[in-house]
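*Asks:* model this:
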Amino acid sequence: MNERERFLATAHFQKADRYPFWELGIWGQTYERWLREGLTEDELIGEWFRGQPKFANLDRRDFIPLGLGLILGFERLIDEDDRYLIHRDRYGRIRKALKQGTMRGTRASMDTYIGFFVKNRRGFLEIKKHYDPYDPDRYPKNWQDLRMKRRDRDYPLYLIKKLWFRRALLES
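*Replies:* Got it, this is the predicted structure:
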């Protein structure tokens, strides 16, 4: 069974030779610890999302950068002190984040969610305006070429704007 057949069988609750084996990535703190324990940058920088053979032979998958999220997010800083920052993220959620321990774009703990943008029908109608499926900014310039190039693949294909975790590791 190839990766695509395995994924489709699993997604349709059919029999597969095994479940797909993927990794989301690693926290910045884990990355730093592995460096201290002797791994090199070259051993850690890889395609975590697409399949990283250095770590347990992860199954292959690929991505087309299609923007599925909000257009024109709501990001803004609300408050900040030495320990925390409170901000509205691109989805309109208000979050409290612990600053201490942040490494390579990841925090040492999950944020506390304080509030959400949609609280009533008016909020829903407002956020709905930010999900226009026909906005050309959602599609890469070479959209048709990407579709044709990957038509006969033997692995799953995801439609996602960017690999945020890999970007965070590289930008640190």
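*Asks:* Quick check: pLDDT value at the residue nearest to Leu159 when sequence neighbours are not counted.
*Replies:* Distance criterion Cβ to Cβ, 6 or more residues apart in numbering; nearest residue to Leu159, sequence neighbours excluded, is Leu66 at 4.0 Å. For glycine as for every other residue, the C-beta is placed from the backbone atoms N, C-alpha and C. pLDDT for Leu66: 81.
*Asks:* Let's verify Leu66: helix, strand, or coil?
*Replies:* In the three-state summary, Leu66 is assigned as coil, counting by DSSP: H, G, I helix; E, B strand; the rest coil.
*Asks:* That one reaches Arg138, doesn't it?
*Replies:* Yes - with contact defined as Cβ atoms under 8 Å, Leu66 reaches Arg138; the gap is 6.2 Å.
*Asks:* neighbour count winner among those two?
*Replies:* Legend: neighbour count by other Cβ atoms under 10 Å for Leu66 and Arg138, higher for Arg138 (18 against 14).
*Asks:* So what's the residue count around the closest residue to that one other than its chain neighbours?
*Replies:* Nearest in space to Arg138, with sequence neighbours left out and distances taken as Cβ to Cβ, 6+ apart, is Gly67 at 4.0 Å. The number of residues packed around Gly67, counting by other Cβ under 10 Å, is 15.
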